[in-house]
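Student: pasting the structure only:
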């Protein structure tokens, strides 16, 4: 299978991150989960993934990486490169893809503290099979057993079930840049799924609000609008959809790591 370059989004979304600041860190990526900085956890998972050949960190202040001794060897051997992050995650992806010659790029976030090498490989193998320009990792609500974990996620409620993102995106063709550019424009709606869907056209918005939209139809309509094929990759583990962007997420991630079974 053709390998992927991994792009890890580690920049700040603004001049101040209250969650990071409350724990004495400048960047959320530097926060420790069970004693290990989240960025180190993500990079370790990517280095263990069989289908990832190179890693690029998108960050606004690369000097903060000097505080992570675990990265020193990886930076010295040239296996890590850096990208100057932009004002938002989506705009950082769009900018990075414009400068990359790689055909296949995996995008994930530095707060994906429960990421593992096998989870990365599972996603990429399924993404490659889709043959889509862009493959997006999703987890169905039925995978979650913890009511608090369900309440903490942002859900897209469709006729076939409710889904949340897994912060895993496979850009597999140059046409994928069109999708990255759209999300850079629409990112302000990321916590309001219906508004983002409505931005794709009245039909999609009406079907979503009426509860008649299903996942495959949504992706098909999105693909036509973008001029690039987009397909979902369903992942069965709830842990694949947990990022750490608030104290409750941090406690949940540490609980999962302590039990070791990945159930939520």
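Tutor: Nice, thanks for sending it over. Because the structure is predicted, anything quoted here is derived from the model rather than measured.

Student: what residue is smack in the middle of this protein?
Tutor: For the chain, residue 167 is the residue whose C-alpha lies nearest the centre (C-alpha atoms, centre = their mean; 2.0 Å).

Student: confirm that that one sits in a helix.
Tutor: No: applying DSSP: H, G, I helix; E, B strand; the rest coil, one finds residue 167 to be strand, outside a helix.

Student: need the contact list for it.
Tutor: Neighbour list for residue 167: 108-109, 112, 137, 241, 243 [criterion: C-beta atoms under 8 Å, 6 or more residues apart in numbering]. For every residue, glycine as well, the C-beta is placed using N, CA and C.

Student: those residues in strands, which ones?
Tutor: Those of these mapping onto strands are 108-109, 137, per DSSP state E.

Student: of these - the most surrounded one?
Tutor: Greatest neighbour count in the ones in strands among the contacts of residue 167, by other C-beta atoms under 10 Å, goes to residue 137: 26 neighbours.

Student: what about the strands in the stretch 1-150 of the chain?
Tutor: 4-9, 32-33, 36-37, 52-59, 80-84, 105-109, 134-140 (DSSP state E, counting those that start in this stretch).

Student: of those, which approaches residue 151 most closely?
Tutor: Relative to residue 151, the nearest member of those by C-beta to C-beta is strand 134-140, separated by 15.0 Å.

Student: looking at this protein, which helix or strand is least sure?
Tutor: Least confident element among the helices and strands of the chain, by mean pLDDT, DSSP states H and E: helix 193-198 (a mean of 61).

Student: before we move on, the earlier item: which of the contacts of residue 167 sits closest to residue 70?
Tutor: Distance to residue 70 across the contacts of residue 167 (C-beta to C-beta) is lowest for residue 112, with 16.7 Å.

Student: you'd agree that closest one is up against residue 42?
Tutor: Yes: if you go by C-beta atoms under 8 Å, residue 112 and residue 42 touch, sitting 5.5 Å apart.

Student: returning to that earlier point: need the contacts of residue 167 in a markdown table with pLDDT, can you?
Tutor: A markdown table is the format used below for these (pLDDT from 0 to 100):
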| residue | pLDDT |
| --- | --- |
| 108 | 98 |
| 109 | 96 |
| 112 | 96 |
| 137 | 97 |
| 241 | 92 |
| 243 | 91 |
